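Engineer: Need a 3D model of the following:
(one chain, ligands or ions: 1)
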Amino acid sequence: MKIIIILICVILPGLLSAQTTIIRDTEIEQMVKEVNSDSLKSYIQKMVSFGTRNTLSTQTDNSHGIGAAKKWVLKKFNEFARASDGRLTASIDNTSYKADNQRVNRNIILGNVVATLKGTDPDDKRIFLISGHLDNMRTNVMDSIREAPGANDDGSGSAAVIECARIMSRHRFPATLIFITVSGEEQGLLGATYMATKAKKENWNIEAVLNNDIMGSNNSSETNIIDNTRIRVFSEGLPAFETEKNAKRIRQFGLENDGVSRQLARYVKETGERYVENIDVVMIYRNDRFLRGGDHTPYVENGFAAVRITEMNENYNHQHQDVRKENGIQFGDLEAFMDFEYLRKNTAINLSTLANLAKAPARPEDVQIETKKLGNITHLFWKEPKGKKPKGYYILSRQTTCAFWEKKTFTSDLQIDLPYSKDNYFFAVQSVNDDGNESLPVVPSVIR
Ligand SMILES: [Zn+2]
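Structural biologist: All right, here's what the predicted structure looks like:
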């Protein structure tokens, strides 16, 4: 039995964590280098040029409104498809939506632009999804006529999705990737709700959703902070899905900080910081910000692991605001307020996370921790995943008060005895291949 111990989290006074060992996959490293701030800027300029992308705006004009914006994203996806040997396919997934007397005042066609990069392993059913919202709003969400640039909200997230599709469609992954720009976010998360409900109903095997919304501006209103070295990842701790059923187990074993979305957030932090320089991923222990919603939530509510990625500080003069000047202050979501180097780094965090997940072997199955007897040795065991055999497994551990995994212990076996008490640590197991791509971790269930 071969065991290598890698310290990945060193708690230092005043510092949250620091990776001491970095193993990078050269292919992912190369893809990260290809993320280009000029590309991202050009996508945003194009999106802004449609005047408004309000979901209630025109569907038929070729150069104005949400319809033109959707057709343009589809055209971009189809360009990338030609360079993908037929593995990338794209379409607009339309559905009709009836007036709801809330934020939709007439019957509309709601369309999400979806590109799917089919996995190269036909037996691998895993799906990893990245999302941004194409629609936007003025101060009045019902105003579908007048200027609404939406450069950052959510031109930034949509641009990140398009750039990831451009780069990743030239590479091969065993698992399937879905790139989606949705409509109807500002009208009440309509496009994401449609997609998440459909995925649940049709049993799609979505293992992770990265929702990108407002991630390309480095400054805040009120405080004058400028910061392009930190990005937030929001995740819920207690799963909203089936909470009642799981509450007893979560309370008993102290798992309130180990829901699937929180695990995904840790994974984004570890992987993103492994591949992208000069950026810290800051985990926020809540599903979303006060007074705001996001497209990850319908996925979370349907039982999927989903997180929201958003800039560190927000400038509310530049969100959901009519373009205007008042008392010398410029309001509006304009390109001029964006930081494309920051957006490049944040896009690269998404790309490295998605690539590492989609290249990784599947998660180990039936991971269990033995609690039949008292003792200071922790016994964990699991089964090989279906599909391609992993090189081995990392056993992750952390103290119960630590936010991040502290240790990785490698084994090629299907069980391990660790000289650490199960009472004092949290554990999880992930599969790993020769290139160091790790699956999402699995928290053991308890066997007595
Ligand atoms: Zn938004």
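
Engineer: With Glu207 as the reference, measure out to the residue nearest to Ile44 when sequence neighbours are not counted.
Structural biologist: Ranked by Cβ to Cβ, 6 or more residues apart in numbering and with sequence neighbours excluded, the top spatial neighbour of Ile44 is Gly155, at 4.3 Å. Glycine gets a C-beta too; all of them are placed from N, C-alpha and C. Distance of Gly155 to Glu207, given as Cβ to Cβ, to the nearest Å: 27 Å.

Engineer: higher neighbour count, the two?
Structural biologist: Shown here are Gly155 and Glu207; by other Cβ atoms under 10 Å, Gly155 has more neighbours (30 against 22).

Engineer: mind listing what Glu207 touches?
Structural biologist: Shown in contact with Glu207 (Cβ atoms under 8 Å, 6 or more residues apart in numbering): 126-128, 175, 305, 357, 363, 440.

Engineer: Secondary structure of it: a helix, I assume?
Structural biologist: No. Counting by DSSP: H, G, I helix; E, B strand; the rest coil, one finds Glu207 to be strand, located in no helix.

Engineer: Please report the distance of it from Leu396.
Structural biologist: Taking Cβ to Cβ, one finds Glu207 at 17 Å from Leu396.

Engineer: And for Ala175?
Structural biologist: Ala175 is 21 Å from Leu396, by Cβ to Cβ.

Engineer: give the contact list for the residue of the stretch 1-150 of the chain at minimum distance from the ion.
Structural biologist: As assessed by Cβ to the ion, the ion sits closest to His133 within the stretch 1-150 of the chain, at 5.6 Å. Contact partners of His133, counting by Cβ under 8 Å, 6+ apart, are 154, 157-158, 181-186, 191-192, 213, 295.

Engineer: What of Gln59?
Structural biologist: 65-67, 109.

Engineer: what do you get if the cut-off is 10 Å, keeping everything else the same?
Structural biologist: When contacts are counted by Cβ atoms under 10 Å, 6 or more residues apart in numbering, Gln59 touches 65-68, 70-71, 94, 108-109, 111.

Engineer: ok, of those, which come out buried?
Structural biologist: Among the contacts of Gln59, the ones that count as buried by 16 or more other Cβ atoms under 10 Å are 65-68, 70-71, 108, 111.

Engineer: re earlier: got the contacts of Glu207 as TSV, with secondary structure and neighbour count columns?
Structural biologist: Shown next, in TSV, are the contacts of Glu207 (DSSP: H, G, I helix; E, B strand; the rest coil; neighbours: other Cβ atoms under 10 Å):
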residue	secondary structure	neighbour count
Arg126	coil	25
Ile127	strand	20
Phe128	strand	24
Ala175	coil	25
Ala305	coil	24
Leu357	helix	24
Arg363	coil	22
Leu440	coil	21
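
Engineer: Generate TSV for those, with distance to Leu255 as supplementary columns.
Structural biologist: Shown next, in TSV, are the contacts of Glu207 (distance: Cβ to Cβ, whole Å):
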residue	distance to Leu255
Arg126	23
Ile127	25
Phe128	24
Ala175	26
Ala305	15
Leu357	22
Arg363	17
Leu440	16
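
Engineer: Just send these back as CSV, with distance to the ion and pLDDT too.
Structural biologist: Output for the contacts of Glu207, formatted as CSV (distance: Cβ to the ion, whole Å; pLDDT from 0 to 100):
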residue, distance to the ion, pLDDT
Arg126, 27, 98
Ile127, 23, 98
Phe128, 21, 98
Ala175, 27, 98
Ala305, 21, 97
Leu357, 24, 98
Arg363, 31, 98
Leu440, 26, 98
